[in-house]
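Peer 1: sequence and predicted model, in that order:
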Amino acid sequence: MTCSSSKSDATDYDRVAEAITFITDRVCEQPTLEEVADHLNLSPYHFQRIFSRWAGVSPKKYLQVLTLEQAKQLLSDSKSVLETSNILGLSSSSRLYDHFVHMEAVTPGEYKAQGTGLTIEFGVHNTPFGNAFIATTPRGVCNIAFSESKDISELMEDLRQRWPHAVLHESQHSTQKVVAAMFRQTNDSKSSLSLYVSGTNFQINVWKALLRIPPGSVASYAQIANFIGQPGSARAIGHAVGANPIAYLIPCHRVIQANGGLGGYHWGTTRKQVMLAWEHARLQMA
């Protein structure tokens, strides 16, 4: 006897899996909630509730993320913004613009440019926390990374991946000004430094929250999650903290575990401990 399942026998997982396949296969047609629900023989309300519970995002949000990823590929393949919008079945390029600005915090044009016309000056300097690779643009500091090695090839490669079409130019003079402002060796304060970063909206919200942690203070991942209005996202906060491209100025070293443990640090836990002690000592002397 052969057994076969019908849609009425399907579990919620089966329905969500089928919905994801349906949406993925038709991303260029931008299927509506009603069309996907109809395919599954469900009401739009019931389908939305099942999908959101299982996938953690609404069907609309899932389609937006899928659309954005396809758009990135098309733009990287030299398609124009208008061509990309048309291929993805968007009613106008302004909808593509909305997707990018809402989820990536950049416009489609800025994503496509990837540093075109931008000159990045870089240099390596000795700081209180070891050698720091510093990169800056006319719009602000775009990268600070600590390194024990004199070989900066990996740091250069990371910078090229972030800004593939930018012109990179070594300038110890320009980056020395950044170091001076960071550690208050001039009348400038580091608060006068502008930052120029790219990331998702979520990452940028996290990095903005980090900027609000005062020197000598710490916050847990859960506190950062609550601060940006997304409690329960501590794990995602950890990923965003780890992706911080500007060490020290965006003070990810001030984020610790909820139990008071030091937690990890992209540039080494010993350096993190030294940074916190250094800031605490300066506060005591102030």
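Peer 2: Happy to help now that I have it.
Peer 1: in stretch 172-187, what's buried?
Peer 2: By 16 or more other C-beta atoms under 10 Å, the buried positions in stretch 172-187 come out as S174, T175, K177, V178, V179, A181, M182. From N, CA and C alone the C-beta is placed, and that goes for glycine too.
Peer 1: distance of the first one relative to G123?
Peer 2: Here S174 is placed at a distance of 7 Å from G123 (C-beta to C-beta, to the nearest Å).
Peer 1: same question, the fifth one
Peer 2: With distances taken as C-beta to C-beta, V179 is found 9 Å from G123.
Peer 1: overlap of the contact sets of these two?
Peer 2: Here V179 and G123 have I134 as joint contacts, going by C-beta atoms under 8 Å, 6 or more residues apart in numbering.
Peer 1: show me where the protein has helices.
Peer 2: 12-25, 33-39, 44-55, 59-76, 81-87, 93-104, 108-113, 153-162, 172-182, 201-211, 221-227, 234-242, 269-285 (DSSP state H).
Peer 1: kindly reformat the ones you listed as CSV containing distance to Y248 and mean pLDDT.
Peer 2: Converted to CSV, those look like this (distance: least, C-beta to C-beta, whole Å; pLDDT from 0 to 100):
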stretch, distance to Y248, mean pLDDT
helix 12-25, 41, 91
helix 33-39, 46, 95
helix 44-55, 37, 91
helix 59-76, 30, 88
helix 81-87, 36, 88
helix 93-104, 25, 74
helix 108-113, 26, 76
helix 153-162, 15, 90
helix 172-182, 7, 92
helix 201-211, 11, 89
helix 221-227, 17, 92
helix 234-242, 13, 91
helix 269-285, 7, 88
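Peer 1: could you dump those helices to JSON lines with distance to A145?
Peer 2: Below are the helices of the chain laid out as JSON lines (distance: least, C-beta to C-beta, whole Å):
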{"stretch": "helix 12-25", "distance to A145": "37"}
{"stretch": "helix 33-39", "distance to A145": "44"}
{"stretch": "helix 44-55", "distance to A145": "35"}
{"stretch": "helix 59-76", "distance to A145": "25"}
{"stretch": "helix 81-87", "distance to A145": "32"}
{"stretch": "helix 93-104", "distance to A145": "22"}
{"stretch": "helix 108-113", "distance to A145": "23"}
{"stretch": "helix 153-162", "distance to A145": "5"}
{"stretch": "helix 172-182", "distance to A145": "12"}
{"stretch": "helix 201-211", "distance to A145": "15"}
{"stretch": "helix 221-227", "distance to A145": "21"}
{"stretch": "helix 234-242", "distance to A145": "13"}
{"stretch": "helix 269-285", "distance to A145": "11"}
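Peer 1: so which of these is nearest L249?
Peer 2: helix 172-182 (6.6 Å; C-beta to C-beta).
Peer 1: centre of the chain to that closest one, how far?
Peer 2: 26 Å (C-alpha atoms, centre = their mean, to the nearest Å).
Peer 1: that one packs against which elements?
Peer 2: strand 119-127, strand 130-137 (3 or more C-beta pairs under 8 Å, 6 or more residues apart in numbering; DSSP states H and E).
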